[in-house]
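Peer 1: my questions are about this predicted structure, shown below with the sequence.
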Amino acid sequence: MQTEATFTAIAYYSTAAKYIAIGMACLGMGFVALAIGNIFSSYLSGALRNPGAAADQNARVLVFAAVAESLGIFLLLIVILLLFVV
């Protein structure tokens, strides 16, 4: 009887750990959204101060935004894998 209770407790703890990991990955996606907002905010602030240099920075800001967005997509993939596969 004690082993049955132990297996039940282990199942509950593993489920709880899975949901904690999902929550942490969702927090990471929120931080990615903040990073993308910060990237474009800084770009627009600099472009409004110096419009002549804005064209040179356009490609860089898009690359940085793409890198940040890819991190968010990878985190979304981790969340989906944790929810439906593990």
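Peer 2: Okay, I see it.
Peer 1: what's near enough to touch Phe64?
Peer 2: Taking CB atoms under 8 Å, 6 or more residues apart in numbering as the contact definition, Phe64 lies against Ile39. (Glycine included, C-beta is placed from N, CA and C.)
Peer 1: quick check: it vs Ser42, distance?
Peer 2: When distance is defined by CB to CB, to the nearest Å, Phe64 is 10 Å away from Ser42.
Peer 1: repeat for Thr15
Peer 2: According to CB to CB, Thr15 and Ser42 sit 41 Å apart.
Peer 1: more neighbours, the two?
Peer 2: Set side by side, Thr15 and Ser42 show more neighbours around Ser42, with 13 against 10, by other CB atoms under 10 Å.
Peer 1: so for the more buried one, what's the pLDDT?
Peer 2: According to the model's per-residue confidence, Ser42 sits at a pLDDT of 93.
Peer 1: starting at the chain centroid, how far to the helix or strand where Ala65 lies?
Peer 2: Under the criterion DSSP states H and E, the helix or strand holding Ala65 is helix 54-84. Averaging C-alpha positions (CA atoms, centre = their mean, to the nearest Å) puts helix 54-84 8 Å from its chain's average.
Peer 1: do the same with stretch 14-23
Peer 2: Counting by CA atoms, centre = their mean, stretch 14-23 is centred 16 Å from the centre of its parent chain.
Peer 1: tell me the buried residues in that stretch?
Peer 2: Within stretch 14-23, the residues that qualify as buried are Ile22, counting by 16 or more other CB atoms under 10 Å.
Peer 1: what does that stretch contact?
Peer 2: Applying CB under 8 Å, 6+ apart, the contact partners of stretch 14-23 are Val79, Leu82, Leu83, Val86.
Peer 1: perfect, I'm done here.
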